[in-house]
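structure, please.
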Amino acid sequence: MLYFYFFAISFSIVGYGFLLTKSLNIHTRNFGFLGLFGISLLIFISYLSSLFLVHDFLFNSFILFIGLISFIFFFFKLGNFKKELILHILIFSILIIFILVGKNHDDFPYYHFPYSHFLTQYSHPLGFGQLNNGFRNPSSLFFLNSLFYLPKISFYLFHVAPAYFLGFSNLILIEIIFGKKIYNSQKFINFLSILSLIFINIFFYRLAEHGTDRSGQILVFILTIIILLITNNSKNVNKINNTFYIYFIPILLTLLISLKPFYLIYAPIVLILLVSPHLKSFIKKILFSKTFIYSALYIFFVFLYNFLNSGCIVYPALFSCFSNLPWSFEAEVIKDVNQWYELWSKAGARPDFVVENRAEYIANFNWLSGWIDNYFFNK
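From the prediction side, this is the model:
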């Protein structure tokens, strides 16, 4: 039953990808791109519904059913998806091994599972972050997980969301690698895509490493390649492929940010597109498109749940926090958490070690040698 649901969900996700692309008037036949569009729409549905509804068996079965019906409808209406279907089944069959051979991420029992499971029992509360530090800036992965609470399997597929990110990203990279037009005009893109494909499947093959970070890092590879594709073909901006890629970027970027707020640091990379005069006028069109409106609403929900859980727009950025709410945290608590996050990112804290003078360690570049020794060469 687990394997049946695993594949059924993957096709349902593609079905939601069809629905979103048709709604936004974006055209693609690649199941990888459709999969990421579908994940985006499912998370959006989960964000919206969690405020009012419980993600129980009935609700989730209905969501799964709609996605499957959409997949079947568009599969036969648009036709000739034989190659995409075979490749999809092959990739996700291999990913069954990815799920079976490893344990869950260390943080899974700490806050991934509790958050996801809570959404299947209750509608979303205020001040949820008071219960657990991990709840204060929730990942969209938890909202996606909550839709996998299904009859006969209960919560036993809550851990597989990273497999869908990995699977659909593989399909995108394979499409780019074997794209003849890209190979003829931009061989370095093919080479970079091959290296990316090898990297994510060798270094990210263990499920235990896929918390809320690895899926985002995989999307960064895709985002970088897509931007390079566009900028190196900017004179042909009105071609169908380039048009699709430009509209795909805001969807991909918002999905990336929703996985973890610190991925906001990648947002300025999109400014590269403004360098080309051929792209500036086209980007203006995006600002008034349905894609932009959808992406803006999506980001609104990301910040909304940060606010509902912690009283901060982006936790633990103190300047974005409101101190006069019933569920707000004291400024000192937020500062301590902020310092801890910075300490961890600069290799001053690990599961088996914490530096003595935390403030001194993270100041200036005192942390650089420790970061190089513990993270750059050995992580």
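
skipping adjacent residues, who's closest to residue 226 in space?
Among residues not flanking residue 226 along the chain, residue 245 sits closest, at 5.2 Å (CB to CB, 6 or more residues apart in numbering). Using the backbone N, CA and C atoms, a C-beta is placed for each residue, glycine as well.

which of the three states applies to that neighbour?
When classified by DSSP: H, G, I helix; E, B strand; the rest coil, residue 245 comes out as helix.

the residue nearest to residue 111 when sequence neighbours are not counted: neighbouring residues, count only.
Leaving out its chain neighbours, the residue that sits closest to residue 111 by CB to CB, 6+ apart is residue 134, at 2.8 Å. Residue 134 is surrounded by 17 other residues when neighbours are defined as other CB atoms under 10 Å.

before we move on, back to that, you'd agree the residue nearest to residue 226 is up against residue 230?
Yes - using CB atoms under 8 Å, residue 245 is in contact with residue 230, at 5.3 Å.

who has more neighbours, the two?
Here residue 245 and residue 230 are compared on neighbour count by other CB under 10 Å; more neighbours surround residue 230, at 24 against 20.

mind saving the C-alpha coords of stretch 104-119 as PDB?
Output of stretch 104-119 as PDB, limited to C-alpha atoms (Å, rounded to 0.1, in the frame of the first residue of the first chain):
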ATOM      1  CA  ASN A 104      14.800   9.800   8.800                       C
ATOM      2  CA  HIS A 105      16.600  13.100   9.500                       C
ATOM      3  CA  ASP A 106      17.600  13.700  13.100                       C
ATOM      4  CA  ASP A 107      15.200  16.600  13.400                       C
ATOM      5  CA  PHE A 108      12.300  14.600  12.100                       C
ATOM      6  CA  PRO A 109      11.000  13.400  15.500                       C
ATOM      7  CA  TYR A 110      11.900  16.800  17.100                       C
ATOM      8  CA  TYR A 111       9.700  19.100  15.000                       C
ATOM      9  CA  HIS A 112       9.200  17.800  11.400                       C
ATOM     10  CA  PHE A 113       6.800  15.000  12.400                       C
ATOM     11  CA  PRO A 114       5.000  16.800  15.300                       C
ATOM     12  CA  TYR A 115       4.200  19.800  13.200                       C
ATOM     13  CA  SER A 116       3.000  17.800  10.200                       C
ATOM     14  CA  HIS A 117       0.900  15.500  12.400                       C
ATOM     15  CA  PHE A 118      -0.700  18.400  14.300                       C
ATOM     16  CA  LEU A 119      -2.100  19.700  11.000                       C
END
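
which of the residues in it are buried?
When burial is assessed from 16 or more other CB atoms under 10 Å, stretch 104-119 yields the following buried residues: 104-105, 108, 111-113, 115-119.

looking at those residues, spot the one nearest residue 193.
Ranking the buried residues of stretch 104-119 by separation from residue 193, with CB to CB as the measure, puts residue 105 on top at 26.9 Å.

so that closest one, which of the three states?
Going by three-state DSSP: residue 105 is coil.

picking that back up, state the pLDDT value of the residue nearest to residue 111.
In this model, residue 134 is scored at 83, pLDDT.

quick revisit: closest one of the buried residues of stretch 104-119 to residue 301?
Comparing those against residue 301 with CB to CB picks out residue 119 as the nearest, at 13.6 Å.

so how far is residue 372 from the closest one?
In this structure, residue 119 and residue 372 are separated by 40 Å, where distance is defined by CB to CB, to the nearest Å.

with residue 149 instead?
Counting by CB to CB, the gap between residue 149 and residue 372 amounts to 43 Å.

with residue 348 instead?
Taking CB to CB as the criterion, residue 348 is separated from residue 372 by 13 Å.

more crowded one of the two?
Set side by side, residue 348 and residue 372 give different neighbour counts by other CB under 10 Å, the larger being at residue 348 (24 against 12).

how near is the more buried one to residue 366?
Taking CB to CB as the measure, residue 348 and residue 366 are separated by 9 Å.

residue 122 too?
Using CB to CB, we find residue 122 at a distance of 45 Å from residue 366.
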